[in-house]
Structures are given as structure tokens and as C-alpha cells.
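# Return a 3D structure for these sequence lines:
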Amino acid sequence: MTDAALAAYPKGTTVTSAVSGGRRKLHFTLPGEDGGEAVEEYDLQTDELLVRKRRAKTVLGKMGEWVYEVGEAPSRVTIENDMLRVSSSNPTLVRKDRPHAFEWRIRNLPYPKSTYSVTVDAEAQQVVVRTSNKKYFKRITIDDMERARLPLEEAALSWSHENNTLIVQYKKPAAVLQHEREAKTARLNAPAMQPGGANAGDLDAQAEQCKQQ
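Model (predicted):
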């Protein structure tokens, strides 16, 4: 695996891939005793990044909860087989990946468009979303930009509001687009998981675990 596909992960990270359910799934194993793991899922037809999630070991040595960088966690199933969902009235933020922009959708924001302010905090290097009625405030870190050590620029930021959803976009700079092209070539050549192999089983177990949590 070339450096392009592993640029977002520590040196020594290994990766394998599998195709399932119309998605190409990559499983990254991070190095060291304290290392964790990550999973990326891409749409086979469009090559859109659908999911990027990571988890690390806790102080007790067990794997922690998945943290979603892109996409959102599935609804959890309780022992009583009931679905646990976020309240339909609470604002929920989900990142998607577009070909030329990072995008976040913040649902359940019913206020008029004039209520919102979306800016770049140059000092903190974050996108800041706030409302004039003080009903919502959120700081967004663009992990890809942070890892590439690229500064945020106000001119690359845009947003719109429709159907009670605030849509925030940040245009990807040329350096990020170049990296993504290189990473695409690299992941298409990633070693495949063998049917029934350890890594393939890990992905299936992770999916089942998400359903049961």
C-alpha cells in the first residue's frame, strides 16, 4: 500500500480491503500496543466516501466506541429489540463527502435563513456555526485539512438553508484533491481480504456489533 492511502494514519498502519453490499470497505490496523483501527467505506459506483470511522483502545486495553468522522452510526438495538434513535427534534450534524467539497448537514434547524452565521475561526482553525437567537452553536474541525496542515480560508466556505437543514460546504483545496486522486489509485490496489479471513470477519463482527449496541 502506498503512502497516499495511508497519509491519514500513523506510520506502520496496515490495510486490507473487501467488496460487500455495493461498497468497497477498507480496514486499517494502527501500529503499537495503544493502536486502534479505522474503517472507510466507498460507493462502488460513484467512489463517494460514505463512512470513515475510528476507534482506539481505552486505558483498560479494550477497544472503545466508534467515532464517525464521515457518515453516521446506525440506530442501536436494545435488549428489548427496540431501536434507539436521536430525538427527531434535536439538531443532528452529519458529514458527507462531495467530489470537490467537504459537506455537513445539520438537520432540525427550523429558523429563518437570516438567523444563521457560518464563519471560519482563523485562530482555532475551525468552522463556526451559530444562530442569532442563541439556539444553536457548533464548532467543526475539518480533520482532512488539519492532518494536511492546511489553513482554513473564509473564501472556501459556503452554506445554504432548506427544509429545516443547514448545509455547510468547504471547497477542497488542490492539495487535498491531488491526495484523494492518489489515494484512490492506492486503495484499488490494496490487498483483498480472503473470504472468512480474520480481517473480513472483523468487519462482519463490527457491523453486527453496531446493530446490537
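# for the protein, which residue is closest to the average position?
residue 70 (1.8 Å; Cα atoms, centre = their mean).
# Show me which residues of stretch 107-116 are buried.
By neighbour count on 16 or more other Cβ atoms under 10 Å, the buried set for stretch 107-116 is 107, 108, 109, 115, 116. Quick note: C-beta positions are derived from backbone N, CA and C, even for glycine.
# For those, work out which two are farthest apart.
107 and 115 (15.5 Å; Cβ to Cβ).
# Give the bridge partners for the residue nearest to the centre of the chain, please.
residue 52 (DSSP bridges).
# Start at 42, not 1
New numbering, starting at 42: the last item is residue 111.
# wait, what's in contact with it?
By Cβ atoms under 8 Å, 6 or more residues apart in numbering, the contact list for residue 111 reads 90, 91, 92, 93, 94, 136, 137, 138.
# now the strands for the chain?
55-61, 64-70, 78-84, 90-96, 108-111, 117-118, 124-125, 133-138, 142-148, 157-162, 167-172, 178-181, 198-203, 206-212 (DSSP state E).
# Who are the packing partners of the last one?
In this case it means strand 206-212. Identification of packing neighbours for strand 206-212 by 3 or more Cβ pairs under 8 Å, 6 or more residues apart in numbering; DSSP states H and E yields strand 142-148, strand 157-162, strand 167-172, strand 198-203.
# What strands line up against the third one, and which way round?
Sheet pairing for strand 167-172, assigned by DSSP bridges, gives strand 157-162 (antiparallel), strand 178-181 (antiparallel).
# cool, and the first one?
Strand 142-148 sits in its sheet next to strand 133-138 (antiparallel), strand 206-212 (antiparallel), going by DSSP bridges.
# Just the C-alpha atoms of the shortest one, please, in PDB.
By that I understand strand 133-138. Extracted as PDB, the C-alpha positions of strand 133-138 are listed here (Å, rounded to 0.1, in the frame of the first residue of the first chain):
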ATOM      1  CA  THR A 133     -28.000  16.400  14.200                       C
ATOM      2  CA  LEU A 134     -24.800  17.100  12.300                       C
ATOM      3  CA  VAL A 135     -23.600  14.600   9.700                       C
ATOM      4  CA  ARG A 136     -20.600  15.000   7.400                       C
ATOM      5  CA  LYS A 137     -20.800  13.800   3.800                       C
ATOM      6  CA  ASP A 138     -18.000  13.900   1.200                       C
END
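# tilt between that strand and strand 90-96?
When axes from the mean of the first three to the mean of the last three Cα atoms, to 10 degrees is applied, the directions of strand 133-138 and strand 90-96 differ by 120 degrees.
# now strand 133-138 against strand 78-84, angle please.
70 degrees.
# re the thing from before, compile the helices and strands packed on strand 206-212 into CSV and extend it with columns for mean pLDDT and distance to residue 182.
Below are the helices and strands packed on strand 206-212 laid out as CSV (pLDDT from 0 to 100; distance: least, Cβ to Cβ, whole Å):
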stretch, mean pLDDT, distance to residue 182
strand 142-148, 97, 11
strand 157-162, 98, 10
strand 167-172, 98, 5
strand 198-203, 97, 14
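# Take those strands and write them to TSV, including distance to residue 115.
Listed next are the helices and strands packed on strand 206-212 as TSV, based on distance: least, Cβ to Cβ, whole Å:
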stretch	distance to residue 115
strand 142-148	16
strand 157-162	28
strand 167-172	25
strand 198-203	26
